[in-house]
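1. I would like to see how this sequence folds:
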Amino acid sequence: MMATAPVPSIIFALQTRHRRARAGILLLLLLLSTLLPGQSSRNAAAPEGNFRESGLPFLRYISPKEHGESTQNFDIAEDNRGLIYVANAYGILEYDGVSWREIRGARNTSFTTRSVAVDSSSGRVYVGLEGDFGYLESDAAGRTTFRSLRDFIPEDSLEFKDVWRTHATDKGIYFLSQNHLFRWDGQRIKVWENDKGYDYAFPVNNRYLVSAFGSGLMEMRDSTLVPLPGGDFLADKTARLVLPLDSRRMLIGVNSALYTYDGSRFQPFSGEVNAFLAENFLTGGIFLPGRQIALATDRGGCAVIDTLGRIRQVIGKSAGLRDLKIHSLTTDRQGGLWLATNNGLARAELPAPLTILNEHHGLEGSVNQMLRHQGAIYAATSTGVYKLLPASITADGVYNAPRFEQPIIGEVWAMLSMQNRLLLGTNSGIYQIVAGELSRIETGWREAVYSFHRSAADPSRVLAGLHNGLAMLQLANGRWQDEGKLPEIGEQIRTIVETPDGTVWLGSQYRGAIRIEDFSRPATLPAGDPFRCRAGAGKDLYRRAPVRRTGALCHRTGPAALRSGRAALCSRQHPRPHPRRQQQVDLPHHPRRRRPIVGQLPPERQAGSEDRPADPGNRRKLPLGRSPLQPAQPGRL
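-> Model prediction:
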């Protein structure tokens, strides 16, 4: 059997300037695919189980102030048009994605609503109330109102309580109360009474299952409730969930545990989820895309599990819920998960490729860089470097969300994973973590280190972008050797990129870009001057990540193309570079820069130029800060 490729995770570090949101936010993108083409083995994915590192989903909490009704919500459904209907303690709520409105009865009265369902074949919305049930229709004025079916109920069955379950099936619409099960076929209502009481009902694969006190699990067959083989296992239990697990088994949940049912026997469901349910009590559940299952609980929020019983995520107060008691779950056509809680509503992007790790997980400060080192995620922030501890669940069912360890050292600007070493760039030089121990790497200089790059040509060498220049170190026989700073580079180096041909590009804070064609000789620069953009054109260059393979870089001036040793910077007046370009990258336009910056290297600097001087020493030297760019066409600048 062919082995499955590992699932990679891509890590993003976001920063915010908002005063109330200065804490760094980490986003994890779990790509459900094989390794990206061209991905280096040094960036191999972590082992299967990355879901233990997942953070919080993107969640929107909807408070009662938005719709003006009760805090309690018992059920949710989406109709064929995409409108959301909520069974609220004060009535039926309708949401069109922008505004909420309450649907009232024929006499403009409010009522307590317990359940709601949509008949997909007709598009009609059915609701269960306190002592009543019916459907929604438009009146003569075009307003949506509630139409009761109480007149169709037999007189000897008119006394019933809350209708907690409403289901639309191909056999009719079922309404379940404590002692009565009603079915509406569009013409008449049939009733099944049970003195001991009904528990829950579940439509499963064109079957309708009912759990009754004292009888267990039964199935509706030809208008008769028939006990299922072994169904009396649930006679003294409260069934909360029935889902089809595969072609022959169903997943059945009671208050404190999950079981599998094969048509005759119940078996405990494997996995850690039962310990969690024993602590938090199940209230319901639904399938999510990707064969994941969302479980609603009475006091633990919403847990997302897989078919192996592993908890992949828990949505609680840290995600934005105000109450952990979940009455009902449903999904909308956009894939969002709606939660009806005891205090408000919520919609979560779940499952989703992006989750958030923030201060709720112990991450503080502005995030400067994220990387994976020896299988663990590290975060370099303005308050130190953090290591992420994956989520876990204790034997007594307590779920521990992913959490960052207490930070070590001070502000960390950059990190580099190199064998068993994690290099840290700080305001006072370079440190390393080896086997959990922090130590300083002694160098002949002591200044802030903003960036690292490991040479592709010589993996034992590392470039370090400094506050004032560029330094090189080599790892030989397990010891670091300081090879000094490169002369003539005094800028603040924020990014370092190496292209496939060995050219190194440096992104400086204030002086634009610098090109080095050969850094295997650390003591000297290559013959000629480093290429620089016009002064100021590369300001804040470090804020954009360089492209992977084209050798191009990013700044705020506009698009740039690199071809045959030439560089062209474009603006609105010059939207396209030369058509015979070899490499190109789109760059963000600087809204404040209106003057076009268009130029090319002098002839002696262009690769392949016939008039290029043989003696590199004839090239003119430019002081730092001056640009070697000359106007491509006089008068255009």
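
2. Quick one: mean pLDDT for whichever helix in the chain runs longest?
-> Secondary structure of the chain per DSSP state H: the longest helix is helix 273-280. Across helix 273-280, pLDDT averages out at 94.

3. what residues does it touch?
-> Helix 273-280 is contacted by residues 253, 255-258, 268, 295, 297-301, 303, 305, 309-311, 324, 393-399 when judged by CB atoms under 8 Å, 6 or more residues apart in numbering. For glycine as for every other residue, the C-beta is placed from the backbone atoms N, C-alpha and C.

4. Same check on stretch 78-97?
-> 67, 69-77, 100-104, 110-116, 118, 120, 123, 125, 127-128, 136, 144, 146, 328, 330, 332-333, 338, 340, 345.

5. now do stretch 380-388
-> Residues outside stretch 380-388 that contact it (CB under 8 Å, 6+ apart): 24, 53, 357, 361-370, 376-379, 402-415, 424-425, 433.

6. Now do the spatially most central residue of the chain, the pLDDT please.
-> Central residue of the chain (CA atoms, centre = their mean): residue 354, 1.3 Å from the mean position. On pLDDT, residue 354 comes in at 86.

7. Can you flag the buried ones in the contacts of stretch 78-97?
-> Among these, those classed as buried by 16 or more other CB atoms under 10 Å are 67, 69-77, 100, 103-104, 110-116, 118, 125, 127-128, 136, 144, 146, 328, 330, 332, 338, 340, 345.

8. Among the residues you listed, which lie within strands?
-> When DSSP state E defines the strands, the subset of the buried ones among the contacts of stretch 78-97 inside them is 73-77, 100, 103, 113-116, 118, 125, 127-128, 136, 144, 146, 328, 330, 338, 340, 345.

9. which ones among the contacts of stretch 380-388 are found in strands?
-> 357, 367-370, 376-379, 403-404, 412-415, 424-425, 433.

10. Buried subset of the residues you listed as a ChimeraX selection?
-> Listed next is the ChimeraX selection for buried residues among these, using 16+ other CB under 10 Å:
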select :357,367,368,369,370,377,378,379,403,404,412,413,414,415,424,425,433
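
11. For residue 292, name its beta-bridge partners.
-> residue 288 (DSSP bridges).

12. three-state assignment of residue 92?
-> Recorded secondary structure, residue 92: strand (DSSP: H, G, I helix; E, B strand; the rest coil).

13. my read: the residue nearest to the centre of the chain touches residue 58, true?
-> Yes. Shown here, residue 354 and residue 58 form a contact pair, counting by CB atoms under 8 Å, at 6.9 Å.

14. re the thing from before, so which of the contacts of helix 273-280 sit within strands?
-> Short answer: these in strands (DSSP E) are 253, 257, 258, 268, 295, 297, 303, 305, 311, 393, 399.

15. Endpoints of stretch 220-228, how far apart?
-> Using CA to CA, to the nearest Å, the span of stretch 220-228 from its first residue to its last is 10 Å.

16. So which bits of it are buried?
-> Neighbour counts over stretch 220-228 (16+ other CB under 10 Å) mark 220, 225, 228 as buried.

17. Rounded mean pLDDT for the helix or strand harbouring the first one, please.
-> Mapping residue 220 onto the secondary structure by DSSP states H and E places it in strand 216-221. The pLDDT scores in strand 216-221 average 96.

18. Packing partners of the helix or strand following it?
-> Note on strand 216-221: by DSSP H and E, the next helix or strand toward the C-terminus is strand 224-227. If you count contacts as 3 or more CB pairs under 8 Å, 6 or more residues apart in numbering; DSSP states H and E, strand 224-227 packs onto strand 216-221.

19. just checking, what packs against the strand it packs on?
-> Judged by 3+ CB pairs under 8 Å, 6+ apart, strand 216-221 is in contact with strand 207-212, strand 224-227.

20. so what strands line up beside the shortest one?
-> Just to be clear, that refers to strand 224-227. In the sheet, strand 224-227 lines up against strand 216-221 (antiparallel) (DSSP bridges).

21. again, but for the first one
-> Sheet neighbours of strand 207-212, with direction, are listed as strand 198-204 (antiparallel), strand 216-221 (antiparallel) (DSSP bridges).

22. a markdown table for the ones you listed, including distance to residue 316?
-> Formatted as a markdown table, the strands paired with strand 207-212 follow (distance: least, CB to CB, whole Å):
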| stretch | distance to residue 316 |
| --- | --- |
| strand 198-204 | 24 |
| strand 216-221 | 31 |
